[in-house]
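Colleague: build me a model:
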Amino acid sequence: MTASATTAASVTDIAQRATAGKIFLALLRRDVNVARRELPYFLLRTTLQPLLFIVVFGLLLPRMGYMSSAYKAALLPGVLAVSLAFSSVQSVALPMVADFGWTREIEDRLLAPISIELIALEKIVAGVVQGLIAAIFVLPIARLIMGPIEGLTVTHFALVIFIVLLGATAFSVLGLLMGSLVNPQQIGLMFSVIVAPMIFFGCAYYPWQNLSVFPAMKYAVLINPLVYVAEGMRGVLTPGMPHMDLRAVSGALIVIIAIFWTLGIRSFRKRAMG
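Modeller: Just a heads-up that it's a prediction; the model follows:
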C-alpha cells in the first residue's frame, strides 16, 4: 500500500511538472509573438541610441581626426553591451510596470496554475531573448558603419554567447526588480535616475583599466553591472584591448544575477500578492 501510494504521488508530481512546463512555454510563446509583431518598434527603441553613438564616435569623429581609429576597438564591445543591457531591462521592466499598473494583465498570469517564481522566470527568459536579438542586430550594422576594427575577432564564439547570456540575464533580472518596484507614473524617473547614469558610468565607451587616472571612480563603478558586461564583451571580441579578467567578469555577473533574483522575486511576490 505504501509503495503504491508513493508511486501514485510520483506520477502526480511528474504530471504537475509537465503541466507547469507547458504553461511556462505557452506564456513564453505569447511574449515572443508579441515581441515579433512589435520587432521594428522594439529595435528602434533599444538600438537607436547606440547606433547614433557609433555614427558620431565610431565614424564621424575618427574621420575628422578628433579621435584615433583605435578607439573603435574599445567602442564596439561597449555599444553591444549597452544594446543588450538596455533591451533586456526594458523588455522586462516596461511591460511589468504596465501589467501592475493600468492593464492589470498580471492578474491573468497569476491565475495560471504555476508558481509565482515560474511566472517571474518566464519574464526573465523573454527579456534574455530580446537582449540577444538586440545584440545580434547591432553587431553587423555597427561593423558596417565603423569599417575595419583592429583586433576584432569572433573566434571565441562560445565565450561571446556565454557573456551575452550572462549579461542579458543580469539585466533581465534587474528589470524584474525595477518593474515590480516602480509605479507607472515614475517610469520616466527610473530611466533618468538609474539607467542613464548606469550607461555613462558603465565603461561602455572606455575601458575600465583606463579609469586608473581616477582611482576613486575606478572602484566606485564596480557596483554597476554594465561594467562587467562591457568588459566581458571586450575580452571576447577585442582581446587586445585592456579588459577585466573573464573569470572575474563571469563570477561578478553570476553574483549580480543571484542578488537581483533574490531581491526581484521578493518584490515581485509582494507586489503580486498585495
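Colleague: please, where are all the helices along the stretch 151-274 of the chain?
Modeller: Taking DSSP state H, counting those that start in this stretch as the test, the helices found in the stretch 151-274 of the chain are 157-181, 187-190, 196-200, 215-220, 225-237, 246-273.
Colleague: need those helices in a markdown table with distance to residue 20, can you?
Modeller: Bear in mind the C-beta positions are built from the backbone N, C-alpha and C, glycine included. Converted to a markdown table, those look like this (distance: least, C-beta to C-beta, whole Å):
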| stretch | distance to residue 20 |
| --- | --- |
| helix 157-181 | 19 |
| helix 187-190 | 31 |
| helix 196-200 | 34 |
| helix 215-220 | 43 |
| helix 225-237 | 30 |
| helix 246-273 | 16 |
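Colleague: buried deepest among the ones you listed, which one?
Modeller: Comparing the helices of the stretch 151-274 of the chain on average neighbours per residue, with mean count of other C-beta atoms under 10 Å, the densest one is helix 225-237 at a mean of 27.
Colleague: let me see the mean pLDDT of it.
Modeller: Across helix 225-237, pLDDT averages out at 95.
Colleague: what's that helix packed up against?
Modeller: Here helix 225-237 touches helix 71-100, helix 157-181, helix 196-200, helix 246-273, going by 3 or more C-beta pairs under 8 Å, 6 or more residues apart in numbering; DSSP states H and E.
Colleague: among those helices, which comes closest to residue 147?
Modeller: Evaluated over the helices and strands packed on helix 225-237, closeness to residue 147 peaks at helix 71-100, with 7.8 Å, by C-beta to C-beta.
Colleague: which parts of that closest one are buried?
Modeller: 71-100 (16 or more other C-beta atoms under 10 Å).
Colleague: do the same with stretch 128-144
Modeller: Of the residues in stretch 128-144, those buried (16+ other C-beta under 10 Å) are 128-135, 137-139, 142-143.
Colleague: which one of those residues is nearest to residue 259?
Modeller: residue 128 (17.3 Å).
Colleague: right, and that closest one touches residue 88 too?
Modeller: Yes: Residue 128 is within contact range of residue 88, at 6.5 Å (criterion: C-beta atoms under 8 Å).
Colleague: can you list residues touching both of these two?
Modeller: Any residue near both residue 128 and residue 88 by C-beta atoms under 8 Å, 6 or more residues apart in numbering counts here, and that gives 168-169, 172.
Colleague: from those, which single one is nearest residue 226?
Modeller: For the shared contacts of residue 128 and residue 88, the nearest to residue 226 is residue 168 (12.1 Å; C-beta to C-beta).
Colleague: please name the nearest non-neighbouring residue to the closest one.
Modeller: For residue 168, ignoring the flanking residues on the chain, the nearest one in space by C-beta to C-beta, 6 or more residues apart in numbering is residue 131 at 3.3 Å.
Colleague: correct me if wrong: that neighbour contacts residue 171.
Modeller: Yes: Residue 131 lies in contact with residue 171 (C-beta under 8 Å); the separation is 6.7 Å.
Colleague: which residues touch the residue positioned nearest the centre of the chain?
Modeller: With distances taken as C-alpha atoms, centre = their mean, residue 168 lies nearest the centre of the chain, 2.9 Å away. Each residue near residue 168 by C-beta under 8 Å, 6+ apart is listed here: 84-85, 88, 127-128, 131-132, 135.
Colleague: closest one of these to residue 206?
Modeller: residue 85 (16.2 Å).
Colleague: ok, and the closest non-adjacent residue to that closest one?
Modeller: That would be residue 171: by C-beta to C-beta, 6+ apart, it lies 4.4 Å from residue 85.
Colleague: so that neighbour makes contact with residue 83?
Modeller: No: Residue 171 is beyond contact range of residue 83, at 10.8 Å (criterion: C-beta under 8 Å).
Colleague: low-confidence regions, the protein specifically.
Modeller: Residues of the chain meeting the criterion pLDDT under 70: 1-18, 101-113, 274.
Colleague: for residue 62, find the nearest of the helices of the stretch 151-274 of the chain.
Modeller: helix 225-237 (18.1 Å).
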